[in-house]
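Colleague: Give the three-dimensional model of this entry:
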Amino acid sequence: MFRSVLSRTSAMRRLAFKPQIRNLACSTLFVKHLPAKVTEEKVALLFDEYSPIYEIRFLEQQPQDTQKIAFVKIYAGELPSTVEELAQCPPPEAWEIDEVTQRAVKAVNALNNINYEGKKLLVSHAHRNMPDSIQFNAKMSLRKAQDPEYAAIAEQSRQDRRSQRKNDPDNAYNTGYKNGYKDGIAEGMRLAKSEIVN
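Modeller: Residues are numbered from 1 along each chain as shown. All right, here's what the predicted structure looks like:
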């Protein structure tokens, strides 16, 4: 029993710190509670002192969201200038993997729970087993970015659902609220509901 739990934990740890991506020693960090108006440049400045940055991705944000979530990939070693060179690079050496892991740990320790533009940041290593909603949002935002036709279809279906909800008589929240409010006033004033001015 103890051995299986230990082996499962070590396997999960290996997945969490899996640093080899496209022959580049790199590590992905998960950053939560970023201000809604933050840009990639500001996030890059935040992480730049700990390691060079390979990529910053923001999850798609809803209009009502007051914060952003980002994935920041940091790397070690020399970054090739073209994709072809990157594909032909040999796998990273052990020292590069150790270096990027140490840089990631330093960044997490230094930036986790700091106050950044009025928000308390949460910085951790990105795990493969992120909550389903975060994984789904990340996949959908990437798909929308890559396929504009899909984005247009998704937006149209979202607007259709909203208009159906508005026109659905069973979903009459606003009318029910108005009627209940009028009933309460009429009861409090001991008047008939029809006597109350709209």
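Colleague: got a pLDDT number for residue 58?
Modeller: Reading off the confidence values, residue 58 has pLDDT 90.
Colleague: leaving aside the residues next to it on the chain, what's closest to it?
Modeller: residue 70 (5.0 Å; CB to CB, 6 or more residues apart in numbering). For every residue, glycine as well, the C-beta is placed using N, CA and C.
Colleague: Tell me the secondary structure at the one you found.
Modeller: strand (DSSP: H, G, I helix; E, B strand; the rest coil).
Colleague: for residue 106, same thing?
Modeller: Assignment for residue 106 (three-state DSSP): helix.
Colleague: right, and it touches residue 50 too?
Modeller: Yes - using CB atoms under 8 Å, residue 106 is in contact with residue 50, at 5.3 Å.
Colleague: thinking again about what came up before, number of residues surrounding the residue nearest to residue 58?
Modeller: 18 (other CB atoms under 10 Å).
Colleague: That one against residue 55, yeah?
Modeller: No - contact criterion CB under 8 Å: residue 70 and residue 55 do not qualify, at 10.1 Å.
Colleague: More neighbours: residue 106 and residue 50, which one.
Modeller: residue 50 (20 against 14).
Colleague: which SS class is that one?
Modeller: Per three-state DSSP, residue 50 ends up coil.
Colleague: which helix in the chain runs the most residues?
Modeller: Counting residues, the longest helix in the chain under DSSP state H turns out to be helix 148-167.
Colleague: helices and strands around it, which ones?
Modeller: In terms of contacts (3 or more CB pairs under 8 Å, 6 or more residues apart in numbering; DSSP states H and E), helix 148-167 is packed against helix 132-146.
Colleague: Who are the contact partners of the residue nearest to residue 58?
Modeller: Neighbouring residues of residue 70 by CB atoms under 8 Å, 6 or more residues apart in numbering: 30-31, 34, 43, 56-59.
Colleague: Could you do residue 103 as well?
Modeller: Counted by CB under 8 Å, 6+ apart, residue 103 has contacts 27, 50-51, 74, 76.
Colleague: For the residue nearest to residue 58, give the beta-bridge partners.
Modeller: Counting by DSSP bridges, residue 70 is bridged to residue 31, residue 58.
Colleague: Tell me the pLDDT of it.
Modeller: Confidence score, pLDDT, at residue 70: 91.
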